[in-house]
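Student: Here's my sequence, what's the structure:
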Amino acid sequence: MSGTEAEFKYCSRDFLFTCVGLLLFLLDIGLDMLAAVSLYHEKAYVYFSLLLLFLFGSSVLVQVYSWLWYSYDEFKMKTKIEKVPSMSQLKVLHVFQLGIFLRYAGVMEKSVQSLYKKRADAEGVAKFLRQDLRILRFVETFSESAPQLALMLTIILREGRLDPVTVLKAVGSTLAIASFLTTYHHSVRSFLCEKEKHHIISLVLYFSWNLLLISSRLAALALFASVLPCFIFTHFICSWLVLFFFAWRSKTDFMDGPGGEWLYRATVGLIWYFDWFNVTEGNTRNRTVLYHGFMLADISVLCGVWCWRMSTDPPEFVVQPLHALITAVCVAGVYVLGLLLKVIYYKCFHPNLDGDQLKGASTEQQPEYELTGQNKEEHPEDGVGVHRSVTPPAHCHKRMRKLALNFYS
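Tutor: Modelled structure (predicted):
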């Protein structure tokens, strides 16, 4: 296969990822609206309010990150669509929760140019823009999809019936989480050199252990919330404060400003409430073991409380004590199985690399435009008057590179 054929084969694959991600994003919005309307018509106003809280809170969080990153990049727009609104109009778009759609439009513009017009410079920009979208999906997954899935499971457990809309929204949230896990792994993998590229088995393992750990965690939260709904908020606040403290102690360095960094640490605490991910470089084995030990103990306690309540003061939906015990053991067992798969992944497939071994190691020192090889020969000194290529390095996204460095170090 020639270099050009390989290049546009990857363009097609990335374009497919972008289209599927956009479709899932729009599908999730449609399911959110359907679920909200259904809960309102059923006069389940508490569940309706919680769903709106998750939707609006997550949307605001994502828009804040989007605006901060535009400001960190000094509002240097890379697409024609993003250049249309002025700075004040761009702020209005984010206030009305439309900033993410502008980013999707910019990615689609460059993706179409790279695929159908065979413009390599457009593909470089599209790859850059896709990285920001994937990090925003990262935030949205744990601030919206995961809490929604826990809410829908709680409704199913408390009502004791499988409402079609509730089940559909639960499936949609699961697909959103699964989509994020796949695209995020694809993004951090893009920073590996070719000799370090992962086998397909590693992708399956990564997807499997994450999904098992998150599923077990959400199931335990839903079981607890189904018998003690008011105390789940106390549990979240207390857990988040502890996790936020450890995120602060980790001395993260992800955002470009102090205010943004505190927001990121608060977001890390929220994400850790559902699942673990590395936020600093270096050996994090001890912190990972401590975290998973805490999570396993917490899941066991949550399931134990559910079993106790089902045997002493069950809600409308009654489960036999033996069945409740089996369910609680299975939930904790799924978490243990996820940990075993994670150990296999890290033992057999996870490369430990430092910053210099990742692509884009000198990103901050690279100019945005570089001389082409032919022009360098013609103008070896300063290159005055020459044409410059407009293709940014394919893997120069500093935010995603930091996440990749934390993941592979």
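
Student: Can you tell me the element residue 129 falls in?
Tutor: Following DSSP states H and E, one finds residue 129 within helix 120-140.

Student: following that helix, which helix or strand shows up next?
Tutor: Counting by DSSP H and E, the next helix or strand C-terminal to helix 120-140 is helix 146-159.

Student: Which elements pack onto that following helix?
Tutor: Applying 3 or more CB pairs under 8 Å, 6 or more residues apart in numbering; DSSP states H and E, we find helix 146-159 packed against helix 3-41, helix 45-72, helix 164-189, helix 200-227. Placement of C-beta: from N, CA and C, glycine included.

Student: could I get those as a markdown table with mean pLDDT, mean neighbour count and distance to residue 265?
Tutor: Formatted as a markdown table, these follow (pLDDT from 0 to 100; neighbours: other CB atoms under 10 Å; distance: least, CB to CB, whole Å):
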| stretch | mean pLDDT | mean neighbour count | distance to residue 265 |
| --- | --- | --- | --- |
| helix 3-41 | 75 | 15 | 26 |
| helix 45-72 | 95 | 17 | 13 |
| helix 164-189 | 77 | 19 | 19 |
| helix 200-227 | 89 | 21 | 21 |
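
Student: quick one: which of these is nearest residue 308?
Tutor: Across the helices and strands packed on helix 146-159, the minimum distance to residue 308, taken as CB to CB, is reached by helix 200-227, at 8.7 Å.

Student: CA atoms of whichever helix or strand comes after the closest one as CSV?
Tutor: For helix 200-227, the succeeding helix or strand toward the C-terminus, using DSSP H and E, is helix 231-249. Provided in CSV are the C-alpha atoms of helix 231-249 (Å, rounded to 0.1, in the frame of the first residue of the first chain):
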residue,chain,number,x,y,z
PHE,A,231,-28.7,9.2,51.5
ILE,A,232,-27.2,8.8,48.0
PHE,A,233,-26.6,12.6,47.8
THR,A,234,-24.8,12.5,51.2
HIS,A,235,-22.7,9.6,49.9
PHE,A,236,-21.8,11.5,46.7
ILE,A,237,-20.9,14.8,48.5
CYS,A,238,-18.7,13.0,51.1
SER,A,239,-17.0,10.8,48.5
TRP,A,240,-16.5,13.7,46.1
LEU,A,241,-14.8,15.9,48.8
VAL,A,242,-12.4,13.1,49.6
LEU,A,243,-11.6,12.5,45.9
PHE,A,244,-11.3,16.2,45.2
PHE,A,245,-8.8,16.5,48.0
PHE,A,246,-6.6,13.7,46.5
ALA,A,247,-6.9,15.4,43.0
TRP,A,248,-5.6,18.6,44.6
ARG,A,249,-2.8,16.7,46.3
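
Student: For helix 231-249, which outside residues touch it?
Tutor: 221, 224-225, 265-266, 268-270, 272-273, 279, 287, 298, 302 (CB atoms under 8 Å, 6 or more residues apart in numbering).

Student: For the residues you listed, which ChimeraX command selects only the ones that are buried?
Tutor: Listed next is the ChimeraX selection for buried residues among the contacts of helix 231-249, using 16 or more other CB atoms under 10 Å:
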select :221,224,225,265,268,269,270,272,273,279,287,298,302
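
Student: so where's this structure shaky on pLDDT?
Tutor: Applying pLDDT under 70 to the chain flags residues 1-13, 117-121, 161, 193-199, 282, 314-318, 352-396, 409.

Student: got the domain boundaries for it?
Tutor: Per the record, the chain has its domains at 1-192, 198-352, by automatic domain parsing.

Student: Any chance of CSV for those domains, columns distance to residue 401?
Tutor: Below are the domains of the chain laid out as CSV (distance: least, CB to CB, whole Å):
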stretch, distance to residue 401
domain 1-192, 6
domain 198-352, 11
